[in-house]
Structures are given as C-alpha cells and as structure tokens.
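Enquirer: here's a sequence, model it:
(4 chains, ligands or ions: 4)
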Amino acid sequence: MAAQLTKYFKGGLGDLRALFDAVKNYVSVVVGYRVSGDAVGFGPVESLESLPLGLEDSQAPGAYRLSRGSSGFFRHSHASPKYWLHLPVQEVFTVLEDYAVDIARYDTYSAALFGIKPCDLVSMEVLDRILKNDDSYWSRRSKIELVVVEECTVPGATCFCGSIGTGPSASTGFDIAYARLSNGIIFKYGSEKGLRILEKLELTEVSEEDVAEYERAIARAGELTRYLPPPSEISKSLERSVSDTSFWKEVSSRCVGCTNCNMVCPTCFCTEFVDQIEPSGRAKRVRQWFGCLSHTYGQVAGTHYRPELYMRYRHFVLHKFLFYPKQVGLVGCVGCGRCITWCPVGIDLREVVSKVVSRYGS
Amino acid sequence: MGARLIPKVGRVVRVVEEAPLVRTYHIRVEDLAEPQPGQFNVLYVKGFGEVVISISNFRYEGASAIAEHTVRTVGAVTSYIQTALNVGSPIGIRGPYGRGWPLKEFEGLDVLVVGGGIGLAPLRPILKHISRYRDRYGRLMLLYGARRPVDMLYKYEYGEYRAIPNSTMLFSIDMPYIGWSDYVGFVTDLIDRVSLDPEATVAYVCGPEVMMKVAASKLVKRGLREDRIFLSLERRCRCGIGVCGTCQLGHLFVCKDGPVFSYQEVKDYLAVGGL
Amino acid sequence: MRRAAVAIVKLTSCSGCINEFLYTIASYPELLRSVSIVHATEFQDLNTLEDIDVALVEGSVVTQHQEELVKEVRSRARTLIAIGTCATFGGIQAGRVGEDLRKVILASYPNPDFISALPDVKSLDRVVKVDFNLSGCPVNGDALARLLVKVILGGSEVPIAESVCSECKRVGVLCVMVSRGVPCLGPVTLGGCGAICPRFGRGCYGCYGLNTTVVDGERLARFSEVLEKVGMGRGDLEAFLKYFSFSALTKIRVRE
Amino acid sequence: MRMLQGLLTRVEGEGEVVLRTENGKMVGVEVRISEAPRFFEYIVRGRRYVDVPDLVSRICGLCGVSYVVTACRAFENCFEIEVPEYEEELRMAVLGAERVKSHVIHVAYLNLPDLIGLGSIGELFESYTHLFQSASKIVLWARKAMEILGGRFHNVVNIRIGGVYSFPSSEKVRALSRDLNEILNDFEGLARFVLGLRSISEEVHKLRYMATACSGSYCWASNKLVLDDGTYFGVESFENYVLTEQVSYSNALRYRLVTGEPYLVGPIARYNNYMKYLREEVRELLEEFGWNRELRGVYQSVVARIAETYNTLLELRDFLSSYRERTVSSPPKVSRVRGPCVAVTEAPRGILYHRYLLDDNLRVRSSNIITPTAQNLACMEYLIEGKLYGSALDSKAVEVAKSLIRCFDPCISCSVHVSRVEIPAGTTRT
Ligand SMILES: Cc1cc2nc3c(=O)[nH]c(=O)nc-3n(C[C@H](O)[C@H](O)[C@H](O)COP(=O)(O)OP(=O)(O)OC[C@H]3O[C@@H](n4cnc5c(N)ncnc54)[C@H](O)[C@@H]3O)c2cc1C
Ligand code: SF4
Ligand code: SF4
Ligand code: SF4
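Expert: Ligands and ions are numbered 1, 2, ... in the order given. Below is the predicted model:
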C-alpha cells in the first residue's frame, strides 16, 4: 500500500483550514473529535475551531487531563468513531397499539471523518467486518464518503499502536492523511479522491528533507509505542493461558467490572436490548452498548456461562487478541490505550498482555 | 438492506400443553422461509422482549407458514409467553437463523439422536426428516431423558417415532417414578445400551451443556469421530444474527456460527469453565 | 380486564419514592384505568390491605410494627416490589446502626424516654421475600413505570446489572474521576439513574447501592485505595456505603 | 376517658389525630406523629460539611431542595462565602420548581378532593379528568425543570455550597421555557377552578405567624425573620424566639413562641406579609375572585398556594427566557469557622431552620434542624381544640380535624425525620 503514496504535500495551519472547508463542501456533515465545553467527544464538527487542535491531553493508567496551548498535541479522548457509527443508545422499533411495527428511521446524510487517528481508522475496519449484518451501523458507515486522518507524531503515554501495527501512521482505508511536524504540516493521499482534493489546495511541494523528517517522526513515534511483542506471539501465549484460572484471577483482582474499558474501546461492539411498554399498549425496543465486564454478560435464565469476573475479564482480553483474528482476520485491539487511561482503577492492558507473554510465550 | 431486527407479526393458531411449564405454540405467519432442521426463530412479545426458540416443526398451509415452537418457562419473557399468549394472540417472529443439523452430508449413516429435557425440541425436526426420507439413512436411535415422565415432550408422537422402520427408542428419567418401567438415571447412560457402528454413525445431541459434554466424550470413547458428533449449544442470545455479541463462545457466535457445532469445533472451548 | 389492585406502603423513609409513583400516574394517567389503588395513605382515605396484586413498598423496617405490617402485606400480595434504596438496602437511616441508641436519640430529642427505636435498620429482603428490588434514592420513576406496567400485565422485566459507568459512557460524559480526579463511586454503584451526578460534573455518591453482582469485599478494599488517592478517605466511603448500601455491607465488609 | 382516633391520610408520612373525650364531649386533641424517627441530627455527625446538603436532602421527599439550599446557606453564612449571582439564580429556580411541584401536588391531589367532596386521586381522575390532567401536566413540567436544572425530581444533585456544580445547556433550558407558556395556560385553568370554589371556608383563625423577612420582594430566603407583630430578628437568634417541647405521644418535637403561643408558618404567613409584592398578573387574578386580601384562616391557605405557584411560574418564565449557559465558579476554599452555621429558607410548608456546629476538621459536631411541619403542630392542635372543644364526638368530628390538618399540608416524614406506623392490618376506615 505504502508504495501507492508517491506524493506528499506541505502546508501550514491555513492549509488545514482550507482542507477542512473543502471537505465540508464535499459532504453534508463533518465528524470528528469535537470539543464541547471542557471535554472532547466525537460528533459533528462545525468548523476547525471545534477540533481539538489547540489542546493537549496527557494520559496515564486511570488518569486523563486536557490542557490548552497551541504547542500541544491531542491524541484522543474517551470517545472514538464508535460514538458516531454504532450509537450508544438506539431505538430499534416501536410497536403500536394494534401491533403494527414502526421501524426506527436512521438518518442518512453523507459524512466525512476529519482528523481521526490511525488507530481509530483501523478500529472502523474491525467494526465493519464484525457488524456485517448490522443495519443501524451501516446506515451511517456507508454514508462516510471521505476520511481524513491525523497521524501521530507525538504519541501519548498509554498508546501502543506501534505494537499492533495500527499506527502511528495510516497505511490504508483513508483518503487524506496529514501529520503535524515542527515546521508545518505534511499531507498525503490514500485515494484518487483524496489526491484530487489535495491538488485543489494551494500546497507546496515537499523537500526531501521534509519527507525525511516526517519519516523520522513517524518512526520515532512507532518506537515509542512499541511495548509488546508481535500480535501473533500474543495470541499464541493467550491460547496457552486460557485454563490458568489463578493467573486470570490475579490480573483481574483490581477490576470492579465497571465496563469503562468496554465502553471506550473503539472495537467493543456488544449491545443489549431494553423493552418498554406503556399502559396504552405502545411498546418500544431500544438497543444500547453493553459491556462484557458486567455481570449480565453470559447470564441466562437459570444459569450463568461466565459467573465470575475473571472469566469476563479474560474474555475481554482473549477477544481482542485471540478471537478477533479468527473472527475477522484482524487483531481486535488497535492499541489506542483508551481502556488503560479510562479504567478508573488503572489496570494496564499492556502489563497484562506482557505478563501473559512472559509466562506463556515460546 | 432490510431491517434485520424487525419481527414479522404472526398469530398463535394452536397451543399444546407438553409438560408443566412447557407449551408448544403453533404460529402462523406469512412469508417465512423454510428452515433447516435445528434452526431457530426469534420470538417477540410486545413490550416484553425477544427469545430465541428452536423451530420444533414446520409446515406450509397455503401461502402461510406454520412454525412450531416449544417454549419452557424460565425467565421474564418466557413467563409472559406462558401467562399471556393464547390461540389468536399476535406474536412477533423473525428467522430462521443459525446453522442447523447437517443431515444431507451424512445420508447413508446410522443416526443417533440424544436429547435431554427441552433439548428434544430442536431434535424433533431430525426425527420428522428421517421419517420422511427413511431410505436415505441407516438405523435411527433415539435416546431421550427427562427429569420426570411428565416432563417428556411430544408424548403424543412417540407412536409415530416408533413406527419408523429400523429404529430404536430408549427413554430415561432422573428419579424413580411409579409406573415407569424404562431406565432410571442419566440419559447419557443410555449410550452404553445401544450398539453403535462407530465408523458409520452420526450423532445429534441437545440438552443441558453438561449432558452434552458427557454424551460427546462417551461417544468419542465408543469410537465416533469428533466431526460426526453434533451439539446444539446455548449462550445468552439476544439478536440472533451475530450483531449483539452476547452469545460468543470463544471466537464463535452461537447464533450465526451455530447453534449446531461439531464436537471437534467446540471441545477445547467447552473444556474451559467460563470461557 | 380486571383492574390490578395496587397497594402503596410506606415504612421508614421520606416519601420520595412514593412521589415517584405519583409521577408515574401523572405520566400515564390511563394507568388509573387498569389499576385500583387499594392502599395509599398518602393520597387517599379509604385503604385496605386485602388481595393485593402489586404492593409497592417504600422504606426500611425499623420497628416491630413495621415488620408485622410488611409480613401482612407480603401474605396478601401476589407481587411485592421494594422501591428505593431504603427498602432495598436500608437507606440513610441505617447510618446510625451500631451506635449507642441512647446517644442517637439524645442527638435529636431532649427526652429520650418518649422515643422508642430498635437497634437495627432492615431492608425488606431481610424480612420478607421480595419479587423485585428497584433501588435508587429516589427510585427512578421511569424505571418504576416500566416495571409496573409489565407487572400489571402479568409479566416482568429482563434484569440487567451494570454500573453507573456504563451509563456515564453511553451518555458520553467525561469521567470525573479519571479526567478531574473527583472521587466517584460510579464504578461500584448499580446503574439505573442515568449517571445523574457525573452529568452535572460531580462524583457519584452511590445512592443506587453497591453493585454486588461484581463487587466483593476484596475488590471494594482495592477500590477504596483508588478513592483515597483522589481524596476520599476510607471513613467517608464507609459512611456513604452505610447510608446507601447498608444491607449489602452486612454481606461484604470493607477489609481493614 | 374515651379516645377516637383517625389515621391521617392524604398527608405525606404517617400520623394520627386523637380526640380525647369525657362524657361524650371533646376535651383535648393529640396530633400524633407516629412516623419512626430517622435521627438525622445523629446521622450527619462526623460528616464533612460538604457532604451535608446531600444527606439532609433525604429528610423530605417533597421538599428536599429546601433542605439542600438551607444547609448550603448555613455553611455559606458561617464561612462567609459569596455565591455568584447567576449560580444563586439557578439555585432559586430549582427551589421555585420544587415549590410548584409541592404546591400543585397538595392543591390538586391532596386538598382539592376535600374541597369538592372526593376521597382520592382516582376519583378526581374519574370525575374531573381535565383538571387532573392539567395538574399532572404542571407537575410533569416542574419535574422536567428540576431534572434539567437540578438533576432530578428529588434529591437534586446540582446544588453545592458556594453555588452549583454546572450550568445546564441553553438548548435544554430553551425547551423548558417554550413548554412553560403552555403550562401557564393549564395553571390558569386550575387556578380559576380553585379560586372560584365556594367551598373554601371563611372561618377566621386568630393565629400568630412567622416568616422570613425581605424588603421589597416576596420572601423565600433571607437571614432575617419576622413575626406578625412586626418583630424582626436575625436567624442566629431564632432559637431564642421559640420554645422546643417534646410530648410523650409524638415522635416529632414541636415549637411555640416564647410566650407559649403556637405560631403558624407557611403559605398564609408569607402571603399576609408579602402579598403586595406579588406580580401584577397574580394580583389581578386574585382580584377577579375577590381574594386579593389578607387571608383569615388556614382553610384559605389553598389561595396562598395558588398565588405563590402562579408567582413562581412567572418568575421562572423570566429566569428561563433570559438564561445563558455560563462557567461555574470554582468551589470555595475554606479553613476555619467561628460559631454555628445557621440559615432559614422558606420551604413550601414554611420556614426551615438549620444549625450546624463544626469541629476543627470541619466535620459536623452537632446540628439542629427545625422543620415547618414541626412548628405547625402546636397550631394544629390549637385550632382543632378551638373548633371541637365540648362538642359531641363522632367520626365526623375526626373528619373535621383531619381536613383542618390537611390544610397545613403537613410533611410528617420530615417533621420527625422518623416514625411508628399505626396501620391496623386489614381494612383501615377513617
Ligand atoms: C439456539 C437456541 C435455541 C433455543 N431453543 C429453545 C427452545 O426450543 N425452547 C426453549 O424453551 N428454550 C430455548 N432456548 C432457550 C431460550 O432462549 C431461553 O430459555 C429464553 O431466552 C429465556 O428467556 P427469558 O426471557 O424467559 O429469560 P430471562 O432470564 O429473563 O432472559 C433475558 C434474555 O436473555 C436471553 N436469554 C436468557 N436465557 C437464555 C438462554 N438460555 N439462551 C439464550 N438466551 C437466553 C434472552 O434473550 C432473554 O430474552 C434456546 C436457546 C438458544 C440459544
Ligand atoms: S482494547 Fe484497549 S487499547 Fe485496545 S483498542 Fe480497545 S480500548 Fe484501545
Ligand atoms: S464519572 Fe464516575 S460513573 Fe462516570 S465513568 Fe467515571 S467513575 Fe464511572
Ligand atoms: S450518580 Fe450515583 S449518587 Fe448520583 S444519582 Fe446516580 S447513583 Fe445516585
């Protein structure tokens, strides 16, 4: 894929604005990490000002802080594209008094993603493959006509995309990517569409030095985020660990089953259904995100298939590194580090995985 | 792209009391594709939710389909079905879903059917299928166990099953009961009481998971191939089409990769508690 | 259709949950066509305790008389729903359990001899069999309405147990503990409120009660270390747990 | 001696009224608060002062906001914390929404059945469906308002010492503001129906009364109090102006003026003090039905409730329509406090008094919470005795006593912060 990217462009913040405007003209809604108040979520972005360009996040296991300052570099918040593509709460249908079924309408506008991170880009591919049959997901997913990625030259302290190969640069599945360097912004394209848009902007040619600096920055970021052995090694070790109950009990001993990791993970997709009925007989069926760390996951009438928390925690980890590859041919963890940052007790997935590998690796 | 989670509205046309807290509902619905034996539908009761229920029998009546579902009352939705659904009641239904019993592939072999309790429901279509295409299969052996005699399903059909040529039928109950002259004990014990040609037998098993595990390992010991033993598994199952994620067993989705699996596919997963 | 006989019974509590029932009626006035309220001293004069289809009981049991009353209600009710944290966990009045009763009384009354009180504060399930526990201080009126309609129709609700954090994330609220270091009991608290406190930028203080489907004494002790780091001492945590999760604490002790 | 008892119904909490007789004639009355004590004064002991508002909110399921606000104000007083203007306005709006809810619930669901001779809310729904629905709409709107501004209908979470935790989004507030216009129509309908009722008694009750004191406005929160005779005093000397008494038959403490006289708090006390500050629209409406005058007896408190609700709805309309989302102030830093932390606020049922003493770690050492209903108990007995003394006793007398009590909208759970429940098993006919 990388060979396809023969051409880079260079520009500044002004050009980013021009790109934003060009993208905005292209679709009816631009979606990305959106600043609202003192938080960053994920949703429609009106203008470049609503993007977290002037914010810096600092992340650590169980800790997240945002600060202002133009020199800062923003990675991501708890909110991933999942918030836009796979709605946290969605109505499925309403059944009227006479049992007529009224299907919930999904909105249908063309959209562009702007500024999303390489890890989140890959997470979309994972979701695409897992949610093949999901109309509500595809009603939004299929409307995404343009993807602009911001590559990470300054990764965060919980990021480990380099270990998985999902970042810090984007290699496929995007139209345009840009990276912020010390002396400007490097743009590249990933599709013909992207190239056409970039060509219309008044960008300068890149020098060899620029390209070299870009590559250095990406390589450095890649190094910084390479904590773990290769995913194949991880899967193998996990496979050997499954029946080591005491190991899984130990690594999950601080877990309180709050499901934050599930909710913030860009590839966790499980949902539950909630049914409501009014005295009039009108009923509603609602679907909502659901975490495998919660007690109900695996519970059935009369018995429970994962009654203990360590079983559910083990499922979370196995799913990412062992089962996802079998299900969709991709590692389910994209190395974004969200589950580490947003875990209120600060359980570090990297540590757990390292332990598995050191104990069960070849 | 259709709206895949939307039920069609059908109507209950007959209710059969099978056993305490178990009833078979005959549901008429237009425009339902013909299921494979072992597939299931998702039934929806307005305002209370959905449940995944095997199709225990199926036929067309004119343009409309009649699907039979044998439901045991255990939790919220099934209780409501038991309380409120009667002949004439509307009910939502979607399906058929899942991978059913592989039957065509094993034509020519002897067929061993092992059922426990409500687990006979998804096996019933196999019996119907074999009785219809009798000459395509070898011997038919049905081993069926329940807690008590009164808990046995489809009692009114046993005559019909027995009439299938070249078939054996063995029954068991868990505890002795007055008037019961068949076997008392686990249904899996019955496996020891049938003669099997391990080279030429396929087994279809459904019941509580422990029972299926015991049955499978016994059959393996008797020399059956692991890829000729089929189990119909159960997990928390909400959507039926592989999008809600709650039915995962290892990398398998019980609803779309199963519910029927060969023992070979799942034995490693089943061996680990709580996977 | 026969109207379902509903009894609203108040024990020791503030009436907040009964007001949530009033809200249910205000939201679905047509409910008054499918139920007949046979007992509700708060808003009607004629009250009986016979043949109850659904009893909604608010409050915890603190007197002998209440204990008898609930037993009576139980024996006459087809379905008994404990509404609110007082009924499901004991409620804030449990904050005085284990203390010298005379001292407790003297804190409020000049003449302790006129006041009788028992040393314990009991959640309903310690006295009778409860069919549904709907916690919350106060109970979530929408959840109550949802359950009530289902129960009146002869059914029940598919139970889901998760923490406040699940709700927090679904509404897209920034975690106050992770992002601002504000102590929050959300991770160990039963969901159901819709993450009200984090939505207003503050930590959860656990008013829906401990999520004991997941949290045991060991995990709670570990979690209290996390809270300690962000400034909530163990004593304050224990106090809040006593106010809102008392009956759970009798099963789960915060390890020393 | 014989006693005739009646369980108090259509009041919040559990209590009874007991009429004592000799030779068939009524000689005394006991308003028994049998609600089991909850011992809040003990429960808040040892707690950090910042946690107190959320705890005392649990005293009352009808007017928890008043408790939260009073506790906050008590600590703001002793720490000399300035609450930013916009945050105070928001808090007062939450308090106002609660008042609307409380008053409308009382007027429509609890008191109206008395005025039109019905026994319950169900009967009201059957025979006055439209009225019931209007009242419900108002209550539901008040709920929405409390949820958006305060977090929920009861035990609001958005009020803290020094201000609020956050400003709700303008978008949500705009929606609230839009709906209010319709609600005002519904309210007018209800108000006209109630004010036009002939059944509101003209019976005169000569009573002392107390209210918080403000100059130039209808008073809800102030550090001053006023008696009907014009005596003003600061909240810090409140306890010098009242006598606390405890009776053997009741779990609630009760209060009298130092002279031994019972006194009234609540709608009538406020109304008679501040009616001139009601908004023009309110006064016009009252005028139309001949009620723009001093109220003479507790039966007329329903008029005051209508007036206060209307006034509050209009104030809320102004607040909501000019609302802007702002950034909240940072929580105040405090170190030491000298003396007790005291405050009074007008809860829907009257003045609510809180006093806390903190220790050096700023944890509660002791407290005293005096609720409006507790202050009204002596008045209730006084009025019943005045009305029934010497009369022959029958179940009608009990009814008379109970309906008098109901006019106070007594909030029994809060008046004890506990209770003994006296429901005879089986049928309770009262
Ligand atoms: C493939 C398959 C076929 C089945 N066939 C039959 C059948 O023919 N007859 C029959 O009586 N039962 C069958 N079951 C089990 C049946 O689905 C459950 O008994 C039923 O869902 C319980 O629902 P509830 O609402 O009463 O229980 P609750 O405990 O209230 O369940 C809540 C929800 O969880 C899910 N759930 C709970 N228990 C199970 C379970 N055991 N399996 C799957 N999902 C569950 C359902 O979505 C249910 O609506 C089958 C299960 C599977 C997976
Ligand atoms: S498992 Fe954790 S690090 Fe991996 S993608 Fe999910 S949230 Fe990110
Ligand atoms: S704010 Fe509290 S409830 Fe919300 S995610 Fe954080 S810890 Fe959980
Ligand atoms: S967030 Fe916690 S304290 Fe706040 S309302 Fe919900 S459960 Fe209660």
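Enquirer: report whether stretch A:62-77 contacts chain C.
Expert: Yes. Residues of stretch A:62-77 contacting chain C under Cβ under 8 Å from any Cβ of the partner chain: A:62-66, A:77. C-beta: built from backbone N, CA, C; applies to glycine.
Enquirer: hmm, who's touching that stretch?
Expert: By Cβ atoms under 8 Å, 6 or more residues apart in numbering or on different chains, the residues outside stretch A:62-77 that reach it are A:33, A:38-42, A:52-59, A:78, A:117, A:119-120, A:152-156, A:159, A:180, A:336, A:338, A:341-346, C:174-175, C:178-179, C:181, C:226.
Enquirer: now restrict those residues to buried residues only.
Expert: A:33, A:39-42, A:52-53, A:55-57, A:59, A:78, A:117, A:119-120, A:152-156, A:159, A:180, A:336, A:338, A:341-346, C:174-175, C:178-179, C:181, C:226 (16 or more other Cβ atoms under 10 Å in any protein chain shown).
Enquirer: how many neighbours does residue 84 have?
Expert: No chain in the question, so chain A it is. Close neighbours of residue A:84, defined as other Cβ atoms under 10 Å in any protein chain shown, add up to 23.
Enquirer: if you could check chain D rather than the one you did, that'd help
Expert: Residue D:84: 14 surrounding residues under other Cβ under 10 Å.
Enquirer: then the one 10 residues further on?
Expert: Per other Cβ under 10 Å, the neighbour tally for residue D:94 reads 22.
Enquirer: element containing it?
Expert: helix D:85-104 (DSSP states H and E).
Enquirer: determine the set of other helices and strands touching the helix or strand just after that helix.
Expert: Under the assignment DSSP H and E, the closest C-terminal helix or strand after helix D:85-104 is helix D:112-115. The contact analysis (3 or more Cβ pairs under 8 Å, 6 or more residues apart in numbering or on different chains; DSSP states H and E) places helix D:112-115 against helix D:121-127.
Enquirer: between helix D:85-104 and the helix or strand following the helix it packs on, find me the angle.
Expert: Downstream of helix D:121-127, the next assigned helix or strand under DSSP H and E is helix D:129-150. Between helix D:129-150 and helix D:85-104, the angle comes out at 150 degrees (axes from the mean of the first three to the mean of the last three Cα atoms, to 10 degrees).
Enquirer: now intersect the buried ones among the contacts of stretch A:62-77 with the strands, please.
Expert: A:33, A:39-42, A:55-57, A:59, A:180 (DSSP state E).
Enquirer: nearest to ligand 2, out of those residues: which one, please.
Expert: The shortest approach to ligand 2 among those belongs to residue A:59, at 11.3 Å (Cβ to the nearest ligand atom).
Enquirer: can you give me the distance of that closest one to residue A:337?
Expert: According to Cβ to Cβ, to the nearest Å, residue A:59 stands 7 Å off from residue A:337.
Enquirer: the residue in the stretch 151-256 of chain C that ligand 2 sits nearest to: which element?
Expert: Nearest residue of the stretch 151-256 of chain C to ligand 2: residue C:169, at 11.8 Å (Cβ to the nearest ligand atom). Secondary structure assigned from DSSP H and E places residue C:169 in helix C:164-170.
Enquirer: hmm, who's touching that helix?
Expert: Contact with helix C:164-170 is made by A:78, A:88-89, A:258-260, A:263-264, A:288-291, A:294, A:344, C:175, C:185-187, C:189-195, C:198-199, C:204, C:208, as judged by Cβ under 8 Å, 6+ apart.
Enquirer: put the buried members of the residues you listed into a PyMOL selection.
Expert: Provided next is the PyMOL selection string for whichever of these are buried by 16+ other Cβ under 10 Å:
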select buried, (chain A and resi 78+88+258+259+260+263+264+288+289+290+291+294+344) or (chain C and resi 175+185+186+187+189+190+191+192+193+194+195+198+199+204+208)
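Enquirer: which ones among the contacts of helix C:164-170 lie within helices?
Expert: When DSSP state H defines the helices, the subset of those inside them is A:260, A:263-264, C:198-199.
Enquirer: farthest pair within the residues you listed?
Expert: Spatial extent of those (Cβ to Cβ) is set by the pair A:264 and C:199 at 17.1 Å.
Enquirer: hmm, the helix holding residue C:169 touching ligand 3?
Expert: Yes. Judged by Cβ under 6 Å from any ligand atom, helix C:164-170 comes into contact with ligand 3 at C:164-165, C:168.
Enquirer: quick one: which of those is most hemmed in?
Expert: That'd be residue C:165 among the residues of helix C:164-170 next to ligand 3, by other Cβ under 10 Å, with 36 neighbours.
Enquirer: and stretch B:80-96, end to end?
Expert: Stretch B:80-96 has an end-to-end distance of 22 Å (Cα to Cα, to the nearest Å).
Enquirer: ok, back up a step: where does confidence bottom out across the residues of stretch A:62-77 next to chain C?
Expert: Within the residues of stretch A:62-77 next to chain C, residue A:66 has the lowest pLDDT, namely 90.
Enquirer: ramachandran angles for that residue?
Expert: phi -110, psi 140 (degrees, to the nearest 10).
Enquirer: and it, how far from residue D:45?
Expert: Relative to residue D:45, and taking Cβ to Cβ, residue A:66 is found at 39 Å.
Enquirer: which one of the ones in strands among the buried ones among the contacts of stretch A:62-77 is nearest to residue A:109?
Expert: Looking across those and measuring by Cβ to Cβ, the closest to residue A:109 is residue A:42, at 16.3 Å.
Enquirer: I'd say the closest one and residue A:35 touch.
Expert: No. Using Cβ atoms under 8 Å, residue A:42 makes no contact with residue A:35, being 10.9 Å away.
Enquirer: tell me, how many neighbours does residue D:79 end up with?
Expert: Residue D:79 has 20 neighbours, counted by other Cβ under 10 Å.
Enquirer: does the nearest residue to it once chain neighbours are set aside lie in a helix or a strand, and which?
Expert: In this structure, residue D:79 finds its nearest non-sequential neighbour in residue D:334, 4.4 Å apart by Cβ to Cβ, 6 or more residues apart in numbering or on different chains. Secondary structure assignment for residue D:334, by DSSP H and E: no helix or strand.
Enquirer: all helices for the chain, in order.
Expert: Since you didn't name a chain, this refers to chain A. Counting by DSSP H, the helices of chain A are A:13-26, A:82-85, A:118-130, A:135-141, A:161-164, A:192-200, A:208-224, A:231-241, A:245-251, A:260-264, A:309-318, A:324-328, A:338-341, A:349-360.
Enquirer: that was the other one, I meant chain B.
Expert: Assigned by DSSP H, the helices in chain B fall at B:76-84, B:120-132, B:158-162, B:209-221, B:263-271.
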